[in-house]
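K.L.:
Quick one, what's the 3D model for this:
(chains A and B)
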Amino acid sequence: MPSKKKAIKKKKPAAKKSAPKPKKKARVIFAPKKPAPKPAPALRSPKGEVGPAPVEKEVVGAEEPKQKHEGLQAIRGMKDILPKEQQYWYALLDHAQRLAQFYDFGWMQTPLLEDARLYIRSIGRGTDIVEKEMYVFEDRDLQKVAIRPEGTAGVVRAYIQHGMLNLPQPVKLWYWGSMFRHERPQKGRYREHHQVGFELFGDASPSADAHLIATAYSLLSDLGINAEVRINSIGTPEDRARYVMELVGYYRAKRSYLCEDCKKRMIKNPLRLLDCKEESCRPLREEAPQIVDWLSESSKKFFMELLEDLDELQIPYALDPFLVRGLDYYTHTVFELYAKVTVKEKEEEKGEAAEVIEQAGEIGEVVEKIEEKPEEEKPEKEAEKEAAQSALGGGGRYDLLVEQMGGRPTPAVGFGLGMERIVTELKKRPEDFEPKPPSVFVAHLGQGARRKALSLLQQLRLEGMRVGFNLSKTSLKAQLDIADKHKVRYTLILGQKEMMDGTIIIRDMESGAQEMIDSNKIVPYLKKML
RNA sequence: GUGGACGUAGCUCAAUUGGCAGAGCACUAGGUUGUGGUCCUAGCGGUUGGCGGUUCGAGCCCGCUCGUCCACCCCA
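P.N.:
Residues are numbered from 1 along each chain as shown, chains lettered A, B, ... in the order given. This next block holds a predicted model:
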């Protein structure tokens, strides 16, 4: 029945053109009708066994597509990054690399696939990342592997595995690459996203934290992003245990006011009680004990020193007593970076941040003031909307992680920045990232000239010039058309006539003026003009 | 994982009460000899995201599904 409908529908256009459409027909064939040929014998056959390899399913768990479009679309939450964005990605990577070189961070990459236990050990069993977002599966050897959901764990593993503790400390490393988390996609939140990460091992002083935060901040500000650092200290595990007891005690008394989620949080992850957005829970937070007040003297001192360093570095920051990050391995410093939304906000925070560091005892109160501001003002709807996915990155100190993963006790700090989110910021100022077209286009006319053009291209390349060309087009008109689309400044025209004379025509694409140049002098000539 | 909005050509969008799926841009080729931007002509390009239902007839109505976006959740 449905096929009949289609036939009727399709008839008309076919009749109009009064010709069969073999092309259309061909496109319909997507899946081979015949089953795929049997797989070749396995390359690695089980120990010395001769004979046919065991028959396996051709593709594990995948069926042949029945619909034309099946399997032809990027899967949920995955995105192609296309050349139209390349100027932003290049700028980002270029700045990251320069910064890394300047501060002497060594570049490295870790595998996308790791033993799943690596992440369970580091990030923590009860965290959302491990519990419900991580891609985990058994590979063909039935090993349980995970696609990396974040960068630090792999770097720590590598640090231990390659004995980097024998290198002069601190060891400073940086990387960039894909991370995968099975979340519900949204703008600025994908199942595959890219991070640039910086890690520093073997320095327990707060100045290391300051250095790292400054690195993160500089990377953003070098790119013209107005960033703000939100920072907090969650102390040592002992500090936290004491605080959590206090916190749970506080909330237990108000249990009846809590939302359902928070009741669960009280048992599972009490720190998260603090960032509940439920109307009923919010007011409770105001009176809640704050972790800074429960830090040990040494933890407090560490934090204060860090803040003084940041002040010295003139990095705008805001204390956020409710900042707790979703990974278990953090100790002491935790921070996040946000793109500032309005100029107004920026100035307020700068002013207040400066006050804060002075009085150690009063951190709590000052912070509360800062916190209240945005809630009360709600300047524009815009500002609020942007807030949802606007964390550009975050990080913190993880002094216990290396040891916990079997290495020698090694203090460490690190951060990761979301590349897609940075690119989103950069795209707001396209004028700052205009792609640069090649400066010269080489056009040719006739067989001999085309060949000569090839060597001319080589010559220009060796001179470091960016050159556009299209060797398959034969008409000059078409080639100039392309040159124009490339927005080049000059086009070199090489035809039979010029070949014989040993000259080349150089055309200024803006004015249309042409000049004839001795072909031996073309390179110095161009160099002078560009 | 929960709730909501939206899916028409590569892009931006049309299509009367359910009645032959269109335009602009982009792309390709022409407008006779070796010269781009403007202009003219033609071509390419769609199972209207997919599957099913209602109907003589569905881009339009209904159900499911996939995808995007938004708010939660969480984070980069």
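K.L.:
now check stretch A:411-431, is it near RNA strand B?
P.N.:
Yes - Stretch A:411-431 comes into contact with RNA strand B (Cβ under 7 Å from any atom of the strand), by way of A:416, A:417, A:418, A:420, A:421. (Each C-beta comes from the backbone N, C-alpha and C, glycine too.)
K.L.:
Which members of those occur in strands, if any?
P.N.:
When these are checked against strands (DSSP state E), the matches are A:416, A:417, A:418.
K.L.:
wait, which of those is closest to residue A:318?
P.N.:
residue A:417 (18.2 Å; Cβ to Cβ).
K.L.:
RNA strand B: which of the residues of stretch A:411-431 next to RNA strand B is nearest?
P.N.:
Here the nearest of the residues of stretch A:411-431 next to RNA strand B to RNA strand B, counting by Cβ to the nearest atom of the strand, is residue A:418; it sits at 3.0 Å.
K.L.:
Hmm, residue A:193 and the closest one touching each other?
P.N.:
Yes - here residue A:418 reaches residue A:193: they are 5.9 Å apart, a contact under Cβ atoms under 8 Å.
K.L.:
more neighbours, these two?
P.N.:
residue A:418 (22 against 19; other Cβ atoms under 10 Å).
K.L.:
contacting residues around that one?
P.N.:
Applying Cβ atoms under 8 Å, 6 or more residues apart in numbering to residue A:418 gives the contacts A:188, A:193, A:194, A:195, A:391, A:392, A:393.
K.L.:
cool, residue A:81 as well?
P.N.:
Going by Cβ under 8 Å, 6+ apart, residue A:81 touches residue A:89.
K.L.:
how about 10 Å then?
P.N.:
The contact partners of residue A:81, by Cβ atoms under 10 Å, 6 or more residues apart in numbering, come to A:88, A:89, A:194, A:419, A:420, A:423.
K.L.:
what about the strands in the stretch 151-300 of chain A?
P.N.:
All strands of the stretch 151-300 of chain A, identified by DSSP state E, counting those that start in this stretch, fall at A:171-180, A:192-201, A:227-233.
K.L.:
would you turn those strands into TSV with distance to RNA strand B and mean pLDDT?
P.N.:
TSV is the format used below for the strands of the stretch 151-300 of chain A (distance: least, Cβ to the nearest atom of the strand, whole Å; pLDDT from 0 to 100):
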stretch	distance to RNA strand B	mean pLDDT
strand A:171-180	7	97
strand A:192-201	3	97
strand A:227-233	11	93
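K.L.:
can you list the ones you listed in CSV and add distance to residue A:135?
P.N.:
Formatted as CSV, those follow (distance: least, Cβ to Cβ, whole Å):
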stretch, distance to residue A:135
strand A:171-180, 5
strand A:192-201, 10
strand A:227-233, 29
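K.L.:
and residue A:329, which of those is closest to it?
P.N.:
strand A:192-201 (12.0 Å).
K.L.:
Now do the closest one and strand A:171-180, the angle between them.
P.N.:
Calculated by axes from the mean of the first three to the mean of the last three Cα atoms, to 10 degrees, strand A:192-201 forms an angle of 160 degrees with strand A:171-180.
K.L.:
and strand A:192-201, what does it pack onto?
P.N.:
Strand A:192-201 is packed against helix A:86-102, helix A:152-161, strand A:171-180, helix A:206-222, strand A:391-397, strand A:412-418, helix A:419-426, with contacts defined by 3 or more Cβ pairs under 10 Å, 6 or more residues apart in numbering; DSSP states H and E.
K.L.:
Tell me the strands beside that strand, with direction?
P.N.:
In the sheet, strand A:192-201 lines up against strand A:171-180 (antiparallel), strand A:412-418 (antiparallel) (DSSP bridges).
K.L.:
Just name the most buried of these.
P.N.:
Highest mean neighbour count among the strands paired with strand A:192-201 (mean count of other Cβ atoms under 10 Å): strand A:412-418, with a mean of 25.
K.L.:
residues contacting whatever residue of the stretch 301-450 of chain A ends up closest to RNA strand B?
P.N.:
Closest residue of the stretch 301-450 of chain A to RNA strand B, Cβ to the nearest atom of the strand: residue A:326 (1.1 Å). By Cβ under 10 Å, 6+ apart, the contact list for residue A:326 reads A:123, A:124, A:127, A:128, A:129, A:130, A:133, A:150, A:269, A:271, A:272, A:394.
K.L.:
Recalculate using a threshold of 8 Å.
P.N.:
A:127, A:128, A:129.
K.L.:
what about dumping the CA coordinates of stretch A:209-217 to CSV?
P.N.:
Extracted C-alpha coordinates of stretch A:209-217, given in CSV (Å, rounded to 0.1, in the frame of the first residue of the first chain):
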residue,chain,number,x,y,z
ASP,A,209,47.5,26.8,43.4
ALA,A,210,47.8,30.5,42.6
HIS,A,211,50.1,29.7,39.7
LEU,A,212,47.6,27.3,38.3
ILE,A,213,44.6,29.6,38.8
ALA,A,214,46.6,32.3,37.1
THR,A,215,47.4,30.1,34.2
ALA,A,216,43.7,29.3,33.7
TYR,A,217,42.7,32.9,34.1
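K.L.:
Now tell me what touches that stretch from outside.
P.N.:
By Cβ under 8 Å, 6+ apart, stretch A:209-217 touches A:99, A:103, A:105, A:198, A:200, A:227, A:229, A:231, A:306, A:309-310, A:313, A:315, A:317, A:332-333, A:335, A:337, A:393, A:395, A:397, A:413-415, A:417.
K.L.:
before we move on, back to that, could you redo the residues of stretch A:411-431 next to RNA strand B as a markdown table and give each row distance to residue A:293 and pLDDT?
P.N.:
Output for the residues of stretch A:411-431 next to RNA strand B, formatted as a markdown table (distance: Cβ to Cβ, whole Å; pLDDT from 0 to 100):
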| residue | distance to residue A:293 | pLDDT |
| --- | --- | --- |
| A:416 | 29 | 96 |
| A:417 | 31 | 97 |
| A:418 | 32 | 96 |
| A:420 | 37 | 94 |
| A:421 | 33 | 94 |
